[in-house]
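A.B. asks: Take this sequence and fold it.
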Amino acid sequence: MTNQVGIDMNSDSENDELLQYNPNRLLDTLIENLRLKNDAALSRALEVAPPVISKIRHHRLPVGASLLIRMHEVSDLSIRDLRYLMGDRRAKFRISDKQFKPKDKDGNAGGSE
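C.D. replies: Predicted coordinates:
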């Protein structure tokens, strides 16, 4: 089965370069699909500051949920395809149960246990 960008999503090859996190592949595909000239044009299309794209390219900033949604809106690629392009293969996202608990007086999440 291939996705919207022509990637075989059933490929299980251990040497597959798509299995490694690489946001550059995602950014390059967006530039190509949107027929943009460079990262500056991509930042304007996504309505983010140019340093955001640079930091993502240099692995100093992860692709956040809001940016991923914006990429989906602009490109009409599914979120799954966008995540696949950058090498994210997780089927589910797990959030710690302590993440949403209020901090106690010592600053620890979840109170004293």
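
A.B. asks: Can you get me a residue count around residue 66?
C.D. replies: Residue 66 has 9 neighbours, counted by other C-beta atoms under 10 Å. For every residue, glycine as well, the C-beta is placed using N, CA and C.

A.B. asks: Okay, now the unreliable bits of this protein?
C.D. replies: Applying pLDDT under 70 to the chain flags residues 1-19, 92-101, 107-113.

A.B. asks: As a check, name the ranges of all strands in it.
C.D. replies: Counting by DSSP state E, one finds no strands in the chain.

A.B. asks: All the helices of it, residue numbers only.
C.D. replies: Assigned by DSSP state H, the chain shows helices spanning 23-33, 39-46, 50-57, 65-75, 79-85.

A.B. asks: Give me the neighbour count for residue 33.
C.D. replies: Using other C-beta under 10 Å, residue 33 has 14 neighbouring residues.

A.B. asks: I'd like to know how far it sits from residue 60.
C.D. replies: To residue 60, residue 33 is 24 Å away according to C-beta to C-beta, to the nearest Å.

A.B. asks: and if you look at residue 85?
C.D. replies: Taken as C-beta to C-beta, the span from residue 85 to residue 60 is 19 Å.

A.B. asks: Compare neighbour counts for those two and give me the winner.
C.D. replies: Neighbour count, other C-beta under 10 Å: between residue 85 and residue 60, residue 85 has more, with 23 against 9.

A.B. asks: Pretty sure the more buried one sits against residue 26.
C.D. replies: Yes - contact criterion C-beta atoms under 8 Å: residue 85 and residue 26 qualify, at 4.3 Å.

A.B. asks: before we move on, back to that, present the helices of the chain as JSON lines; the columns should include distance to residue 106.
C.D. replies: JSON lines is the format used below for the helices of the chain (distance: least, C-beta to C-beta, whole Å):
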{"stretch": "helix 23-33", "distance to residue 106": "37"}
{"stretch": "helix 39-46", "distance to residue 106": "41"}
{"stretch": "helix 50-57", "distance to residue 106": "34"}
{"stretch": "helix 65-75", "distance to residue 106": "30"}
{"stretch": "helix 79-85", "distance to residue 106": "37"}
